[in-house]
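# here is the input, now give the coordinates:
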Amino acid sequence: MEEYSKEIQRLGKVFLKVFSINLGLNEDCLQNAFGGKDIGACLRANFYPKCPQPDLTLGLSSHSDPGGMTFLLPDKRVSGLQIRKNDQWVSVKPVLPNAIIVNIGDQLQVLSNSIYKSVEHRVVVHQDEERVSLAYFYNPRNEMLIQPLSELVTSKTPALYPPMTFDDYRRFIRTKGPQGKLQVDSLKSTR
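Next up, the predicted model:
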């Protein structure tokens, strides 16, 4: 697990570098906004038991991840992740065995001033198969003030989100529970 964690953190830095360059920013801009070398990260193992009536339950209801990015290593035997695309739920099936699925989280949406969008997703259960997945959350440090990056804010593209620490944002969303993308979207200013 320690080796896996190191490799995912290395991969997270590469993604943030690519995202920064794509936004026209210095390559370490997003990594610095996350806290530099000291990011917040955690690994969670998810177990979804089989369910005789899968249409009556969800493994995890609709939400977007509050952090920066989620690296998901899904079960090889059966998929369960679905993303919302054009108001439809679409099952995500890895193209290769052991492929990692990367979801953009709310903090990247805020930092990019909504250029990048967090992914609304849910997890469904399977009638005949149980499932295990590993989700690695690559997040800003708790005390980092997250707000649209100043380089992306202009008179034509004003800041869409108020400054808030990552810890404050997590407390904010915990009071309401999973609600699709309602929580991050509710922070948008209506200028």
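
# only C-alpha atoms for contact and neighbour calcs from this point on.
Will do.

# so in this structure, which helix runs the longest?
If you go by DSSP state H, the chain has its longest helix at helix 2-22.

# ok now it, how far from the chain's centre?
14 Å (CA atoms, centre = their mean, to the nearest Å).

# what's that helix packed up against?
In this structure, helix 2-22 packs against helix 29-34, strand 131-139, with contacts taken as 3 or more CA pairs under 8 Å, 6 or more residues apart in numbering; DSSP states H and E.

# for residue 132, which non-adjacent residue is closest in space?
residue 47 (4.6 Å; CA to CA, 6 or more residues apart in numbering).

# dump the residue contacts of the one you found.
Counting by CA atoms under 8 Å, 6 or more residues apart in numbering, residue 47 touches 130, 131, 132, 133.

# if we can go back for a sec, and residue 21, which of the helices and strands packed on helix 2-22 is closest to it?
Across the helices and strands packed on helix 2-22, the minimum distance to residue 21, taken as CA to CA, is reached by helix 29-34, at 8.8 Å.

# okay, buried residues for that closest one please.
Residues of helix 29-34 classed as buried: 29, 30, 31, 33, 34 (neighbour count, 16 or more other CA atoms under 10 Å).

# from the chain's centroid, how far away is that helix?
With CA atoms, centre = their mean as the basis, the mean position of helix 29-34 lies at 16 Å from the chain mean.

# after that helix, which helix or strand is next?
Downstream of helix 29-34, the first helix or strand assigned by DSSP states H and E is strand 40-48.
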